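Enquirer: fold the following for me, if possible:
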Amino acid sequence: MKILSVAVAALSASCSFSFTANTISGSTKFSVSTSAKSVFKGTSHHLSPSRVAPLFATTTSSEIIPREVLFGNPTYASPMISPDGEYIAFLAPSAEDEVLNVFVRKTSDSNNDNARMVTNDKSRGIRQAQWAPDSETLFFLQDFEGDENFHLWAIDATSTDKAEARDLTPGENVKASNLIINKRFKDEILCGTNERDPACFDIYRIKYKTGERTLDTKNPGDILGYGSEDETFEIREALLKDQTDSSSTVQVRDDKDGEWRDLIKFPYGEEGNLVSFCKDGKTCYMTSSIGRETTALLKVDLKTGETLETIASNEKCNVGGIVLDPDTKEIKGISFNYARTERLFYDDELEKDYKLLESLGPKDAEVGISSETEDESTWIVSYSRSDGPTEYKIYDQKEKTIRPLFVGKPVLLDYKFAPMEDVRIQTRDGLELVAYLTRADTEKKTPLILLVHGGPWARDFWGFNSSAQWFANRGYATLQVNYRASTGYGKSFLHKGDGQWGVGTMQHDLTDSVQWAIDQGIADPDNICIYGGSYGGYACLAGLAFTPDVYKCGVDIVGPSNIKTLLDSIPSYWGPLRNDMLLKIGDVDADEEFNKKISPLYHVDKITAPLLIGQGANDPRVKQAEADQIAFSMQKKGIPVEYALYPDEGHGFARPDNRIDFNGRAENFLAKHLGGRSESFTKPKGSTVQFPLEKKKSYMYSR
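Expert: Numbers count the residues shown, from 1 in each chain. Predicted coordinates:
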C-alpha cells in the first residue's frame, strides 16, 4: 500500500515556511461517501475536569531519570525494510563515536547486533534515510553543521566490501529537496536542487548508481514543488505560488512535453493539494478546503477541475494520512487527528490488519506502519505510546503473525513515565483549543512549564515527549497547546492567527491556557515558566515582555526577537513565500511601528523574569543575531539573562552532547527559579558550548 501524508509542504496550497525544528469525541461527525466501509477509532482521551481518569499521585519514577537516558541517542530508530524484503536498515549510534549512522542486517537474522554499519558520519549524525527501489542502495540526507543545505547521498548497503557514499547533489550551498522514488523505475530517481538558482528548485533525473544527472524540469521561479505520475514517472504536477496575492495554483500537464494548465486555484486562506493521479489517467485525488472549513478528500476531473466525488472529510480537523493501493490507486484508508489518530477504512482486509495489530500491541498504543515490502507481504509496525518508548515489530501480512524487531530506546523501560492527557481549553473569545497535559502529580498543584511548539504553522501531537517527561520527573506539570494558527484544524483556525503574534490572540491563547491550568488546580500560579523553540522561543520572549506578571522565568531556544530582521535574513529559497509570511505575521516591511509592537526586542524594559537563551550559530532560519541582540540588550539593562551558543549547531541541537549540555543548564535554571529537583550537572566532553555574555560574567553556572 502507499501511505501518503497530505501535509507535504512542497505540494500544499497552504504551505509556508516553518520556524520549527513532530481522537474525536462528542458529536463530531464524519462526512463520508457511500463507498466507505467502516470507521475505526483509536482510544479517545478527551478529558475534562469531571472526567479525568484516576491516576497515581506521582506520575513518574521517584528517582531522578538521567538526562542521558531522556535525551541521548536512541539505541535504534527509523527501521526500514528493503522493497524485496531481504534486508532491514535502521539508525543507531556508532560504537566509536556514538553518532547516528545507518546499519543494515538480513531480515532473516533476528540479532540486531549482527547489523553492519554502512555509513560513517562522525559529527551530527544521520537522521533521514530511505531504501532505493533496487533494494541494494540506501539514500540519506546530510547537511553541514546545521546549515540545512542537505545533500542527497547514496551508498551500496548490501555489499560486504566497504562502500563509499556518493553525493548525488554536489555543490557548495546546494540544497536537495522534493525527492521522488518510483518502484517501476529501479535505477533512477527524481530530485530537486537549487544549484542553478538559490531561490528555487529544478528537478533532475538521476541515475543513482552512477551519479549521472539530467535536468528534467526547469523551475520558472514561482514553483514550490513538483509531483510525478507513477506509470510514466514524468513530472506532471506543479504547485505555483503567486507572490502578489499569495494564492496557490495546482498545475498539471498531460505528458512531459505538454503545456502546463491550471487545475485548481487556492486563494490565500484556503488549503489543499493534489494527492495522487488516479489509474484511469483522467482523474486525480485532491484535498481542498474550498467551500468548507476543513479539507476534504476529493476525486477531481483532470481536464476541468470539477469535483466528481467528495470522498471524506471531518468537521473538526483536516484530512491526514491517505493509504492508496500502489497499483490500482484505490483508496484503502484515511486518517484524521483532532487530538488522537482515528482511521476510516475502505478496505476490509486493511481494517482487519489494524484491528489485529492493535490487539497485539501495548495498551493505549497508536499503531503505525513504518515501512513495508514492495509486495506488501511484510510490514514494520510501530507502537507509539505516551508513557514509554516506541516498539517496532515485523508483521507477516499473509500469515497474520507478528514478531519483535526492537524497542527504540529500551533503557526507558527501566523507568515509570507519566501518561499524556489530551484536554480541551476554552479561550477568552470562546475558541476550543486541543492541548496535551503531562502531570508531575495528580493530587496537588505543581509548578507549570508551558511548552510552546514551533512553526507556528505546525502542531503538537499525543505521544511520548522527552521534554514533558523530563519536566514531570523534576516536579513540573507540562502543558502543550495547539494555539490558533496551529495546522490541521481547518482554515479558519489557521488564519485566526494572522496578524496576532506577540500582543494578539495567539499569545492570548497561551495566557488563557496557563489560567486554565491554574483554575483546574494543576498549576501553582507563582511558578510558571514559558519554554519553547523557534516560534516557541519567540512566544517565550513575547510572554516575558508582554505579560510579565504571568511567568516566573523563560527558556528561549532559537527564537526570533525582531521580526523584521528575522524576515530580512531568511534563506533565499524561502523568498517565494515572503508575501505569504507577511500576510500571516503582519506587514513588518511597510509598517515599522507594527514590527516594534510585536518584536520583544523593543520591549526589553518590560521584562523582569530571568531568561535562558540557547542558539545554534549556523541556524539558517533564525540567525544568531536574533539571540545576540536581545541577550546583550538585556545584559546592558541589568535584566537577568543567560546565553549558551553552540558553534556547530543550527535550528536546534542535533548533537547529543550539545543537547544534553543545554538541557543540563536549563534544568539548573528551572530548579533555581521554580524549585524543582535537578540532576548534578557536568559539561559533556563533546559539548561545544560558548558564552557570548561571559566577559561580563552574566552566566552563573559552572563551565
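
Enquirer: helices or strands up against the longest helix seen in the chain?
Expert: Longest helix of the chain, by residue count under DSSP state H: helix 656-674. Counting contacts by 3 or more CB pairs under 8 Å, 6 or more residues apart in numbering; DSSP states H and E, helix 656-674 packs against helix 67-71, strand 446-452, helix 466-474, strand 523-533, strand 553-557, strand 611-616, strand 641-646. Backbone N, C-alpha and C define where each C-beta goes, glycine included.

Enquirer: report the buried residues of that helix.
Expert: Residues of helix 656-674 classed as buried by neighbour count (16 or more other CB atoms under 10 Å): 656-671, 673-674.

Enquirer: which residues touch residue 538?
Expert: Neighbour list for residue 538: 19, 501, 502, 532, 556, 559, 560, 561, 600 [criterion: CB atoms under 8 Å, 6 or more residues apart in numbering].

Enquirer: send the alpha carbons of the helix or strand where it lies over as PDB?
Expert: Here residue 538, judged by DSSP states H and E, is contained in helix 535-546. C-alpha atoms of helix 535-546 as PDB (Å, rounded to 0.1, in the frame of the first residue of the first chain):
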ATOM      1  CA  TYR A 535       8.400  30.200  17.200                       C
ATOM      2  CA  GLY A 536       8.000  28.800  20.700                       C
ATOM      3  CA  GLY A 537      11.200  30.700  21.600                       C
ATOM      4  CA  TYR A 538       9.600  33.900  20.200                       C
ATOM      5  CA  ALA A 539       6.400  33.200  22.300                       C
ATOM      6  CA  CYS A 540       8.700  32.900  25.300                       C
ATOM      7  CA  LEU A 541      10.200  36.300  24.700                       C
ATOM      8  CA  ALA A 542       6.800  37.700  24.000                       C
ATOM      9  CA  GLY A 543       5.300  36.200  27.100                       C
ATOM     10  CA  LEU A 544       8.100  37.700  29.300                       C
ATOM     11  CA  ALA A 545       7.800  41.100  27.600                       C
ATOM     12  CA  PHE A 546       4.000  41.500  27.100                       C
END
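
Enquirer: that one vs strand 446-452, what angle?
Expert: Here helix 535-546 runs at an angle of 120 degrees relative to strand 446-452 (axes from the mean of the first three to the mean of the last three CA atoms, to 10 degrees).

Enquirer: what mean pLDDT does helix 535-546 have?
Expert: Taken as a whole, helix 535-546 has an average pLDDT of 98.

Enquirer: and for stretch 656-666?
Expert: So the average pLDDT for stretch 656-666 ends up being 96.

Enquirer: and if you look at stretch 498-506?
Expert: 97.

Enquirer: if you count neighbours, what's buried in that stretch?
Expert: Neighbour-count burial for stretch 498-506 flags 498, 499, 500, 501, 502, 504, 505, 506 (criterion: 16+ other CB under 10 Å).

Enquirer: tell me where the stretch 301-450 of the chain has helices.
Expert: Taking DSSP state H, counting those that start in this stretch as the criterion, the stretch 301-450 of the chain carries its helices at 348-360.

Enquirer: what comes up buried for stretch 297-315?
Expert: Under 16+ other CB under 10 Å, the buried positions of stretch 297-315 are 297, 298, 299, 300, 302, 305, 307, 310, 311, 312, 313, 314.

Enquirer: got the end-to-end distance for it?
Expert: In stretch 297-315, first residue to last residue: 13 Å (CA to CA, to the nearest Å).

Enquirer: kindly report the same for stretch 310-326.
Expert: Start-to-end, stretch 310-326 (CA to CA) is 21 Å.

Enquirer: nearest to residue 275, of the contacts of residue 538?
Expert: residue 19 (26.4 Å; CB to CB).

Enquirer: didn't residue 561 look like it was pressed against residue 602?
Expert: No. Counting by CB atoms under 8 Å, residue 561 sits too far from residue 602 to count as a contact (9.1 Å).

Enquirer: which one's more surrounded, those two?
Expert: A count of neighbours by other CB atoms under 10 Å puts residue 561 above the other of residue 561 and residue 602, at 29 against 16.

Enquirer: name the helix or strand of the chain that has the lowest mean pLDDT.
Expert: Least confident helix or strand, the chain: strand 46-47 with a mean of 32, by mean pLDDT, DSSP states H and E.

Enquirer: picking up where we left off before, which pair in the buried residues of stretch 498-506 spans the largest distance?
Expert: Farthest apart among those - using CB to CB - are 498 and 502, which lie 13.1 Å from each other.

Enquirer: so residue 133 is in contact with residue 181, correct?
Expert: Yes. With contacts counted by CB under 8 Å, residue 133 reaches residue 181, the gap being 6.0 Å.

Enquirer: point out where this structure drops to low pLDDT.
Expert: 1-57, 695-703 (pLDDT under 70).

Enquirer: pull the contacting residues for residue 106.
Expert: Per CB under 8 Å, 6+ apart, neighbours of residue 106: 86, 87, 88, 114.

Enquirer: for these, pick the one with the most neighbours.
Expert: residue 88 (27 neighbours).

Enquirer: may I ask which helix or strand encompasses it?
Expert: Following DSSP H and E, one finds residue 88 within strand 87-93.

Enquirer: so which elements touch that strand?
Expert: Looks like strand 87-93 contacts strand 77-81, strand 100-106, strand 128-131 (3+ CB pairs under 8 Å, 6+ apart).

Enquirer: next one: the following helix or strand past the second one to chain centre, how far?
Expert: Where DSSP H and E defines the elements, the next helix or strand beyond strand 100-106 is strand 116-117. Centroid displacement of strand 116-117 relative to its chain, using CA atoms, centre = their mean, to the nearest Å, is 28 Å.

Enquirer: likewise for stretch 613-631?
Expert: 21 Å.

Enquirer: that older thread, could you dump the contacts of residue 106 into a markdown table with distance to residue 346 added?
Expert: Putting the contacts of residue 106 into a markdown table (distance: CB to CB, whole Å) gives the following:
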| residue | distance to residue 346 |
| --- | --- |
| 86 | 31 |
| 87 | 31 |
| 88 | 30 |
| 114 | 40 |
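
Enquirer: closest to residue 320 out of those residues?
Expert: residue 88 (26.7 Å).

Enquirer: tell me who's in contact with that closest one.
Expert: 79, 80, 81, 82, 104, 105, 106, 107, 115, 380, 405.

Enquirer: most neighbours among the residues you listed, which one is it?
Expert: Once you tally neighbours by other CB under 10 Å, residue 82 ends up highest among these, having 26 neighbours.

Enquirer: name the nearest residue to that one, ignoring sequence neighbours.
Expert: Leaving aside its sequence neighbours, residue 82 sits nearest to residue 135 (CB to CB, 6 or more residues apart in numbering; 4.1 Å).

Enquirer: same thing with residue 646?
Expert: Using CB to CB, 6+ apart, the closest residue to residue 646 is residue 658 (4.9 Å).

Enquirer: ok, that neighbour touching residue 649?
Expert: Yes. Residue 658 is within contact range of residue 649, at 5.7 Å (criterion: CB under 8 Å).

Enquirer: and residue 507, that's in a helix?
Expert: Yes. Judged by DSSP: H, G, I helix; E, B strand; the rest coil, residue 507 forms part of a helix.

Enquirer: what's near enough to touch it?
Expert: So residue 507 contacts 500, 501, 539, 542, 543, 546, 547 (CB under 8 Å, 6+ apart).

Enquirer: again, only using 6 Å
Expert: residue 542 (CB atoms under 6 Å, 6 or more residues apart in numbering).

Enquirer: one more: the one 5 residues further on?
Expert: By CB under 6 Å, 6+ apart, the residues touching residue 512 are 427, 428.

Enquirer: if anything else comes up later, I'll come back, but that's it for now.
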